[in-house]
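Novice: Please work out how this folds:
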Amino acid sequence: MDHHGGHEHGHGETGKQPPPDPTTGLHGMLLFGGDPFYLSHLPMFMRPHNYQVILQVGFDDKVLETLRADRDAGGDGMHTFRPDDFPMSELDPNVEGPRKTSIPGAVYRGHFERGGTPIAEGVAAEVRELVYFAELDMEAEHSADMELGYLCFGRAGGQLHLAHQVTANPDFDQVLTARLVSGTVTDPAGRPVLDDVTQDFVHAQPVEFRGRRDTPEDLLTEGETASGFFRATFGPGGSHGFGVDVQVERELYLELGELGS
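Specialist: Have a look, this model is predicted:
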């Protein structure tokens, strides 16, 4: 598929140009949300696509009108973003140099590599927030006792999203909408906490679903409610970490094949 193929670089005369950035490629992305919008890179365990990246983005009014009208007409189906080739290093917070603030490309109804239709071309996605960035270790192996893990971001009092945290080959990519169930918050010891979680998750927070293995067979499904534990997030009572029931509302994307060996 196009966004996973090699990227050819022009070299020019010997010694006249620096070597090309090895992270440059066609980094296809899932487009979802609405207030705000998000882009989630479609990762693979091969260079230069071995990155899990989630961005909060904005579009101009014309693109927003087109996208919303297409959603209304198509039942809010899947949309993807086909960016122009760019170096993923320009989004990496650990790399020195200018940060990418705008990504040019095209919005597609459906998957742009699987029969999708372009509905807005020559547009720019304004990068408003780096929600998550991780380079995938292509040599990592799954631990047999690793618990099912997701990344949670969005508004605790409104629309939340869960993206499965990609860790080792083979793996799966999944994006869901969800909400935290009121009145189910506990501290790390499992004791009930009266207050609900009200802070927004601007940056992705890891959440584990204990007792479930990190495999496709145990993934979260639409309509279920599962007990999650936010191990790195301060809870309403000030504790480091908290538990809460998470209700899965809708599956936006699932890919099982492109993250295999």
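
Novice: Please count neighbours and contacts with C-alpha atoms only from this point.
Specialist: Will do.

Novice: so where's the stretch 1-150 of the chain uncertain?
Specialist: Filtered on pLDDT under 70, the stretch 1-150 of the chain yields the residue ranges 1-16, 18, 75-76.

Novice: hmm, 80 instead?
Specialist: 1-19, 74-76, 97, 144 (pLDDT under 80).

Novice: In this structure residue 118 contacts residue 105, no?
Specialist: No. Look at residue 118 against residue 105 with C-alpha atoms under 8 Å: they stay out of range, at 10.3 Å.

Novice: Give me the three-state assignment for residue 63.
Specialist: Secondary structure, DSSP: H, G, I helix; E, B strand; the rest coil: residue 63 is helix.

Novice: Quick check: the gap between it and residue 69.
Specialist: 10 Å (C-alpha to C-alpha, to the nearest Å).

Novice: quick one, which of those two is more surrounded?
Specialist: Per other C-alpha atoms under 10 Å, whichever of residue 63 and residue 69 has more neighbours is residue 63, with 19 against 12.

Novice: which one is that one nearest to, not counting chain neighbours?
Specialist: residue 120 (6.6 Å; C-alpha to C-alpha, 6 or more residues apart in numbering).

Novice: Could you please name the strands the helix or strand the one you found falls within pairs with and the direction of each pair?
Specialist: Here residue 120 sits within strand 117-135, counting by DSSP states H and E. Here strand 117-135 is paired, per DSSP bridges, with strand 51-58 (antiparallel), strand 102-109 (antiparallel).

Novice: which residues touch the last one?
Specialist: Counting by C-alpha atoms under 8 Å, 6 or more residues apart in numbering, the neighbours of strand 102-109 from elsewhere in the structure are 70, 77-84, 116-127.

Novice: can we see that at 10 Å?
Specialist: 28-31, 57-59, 63, 66-67, 70-71, 74, 76-86, 112, 115-128 (C-alpha atoms under 10 Å, 6 or more residues apart in numbering).
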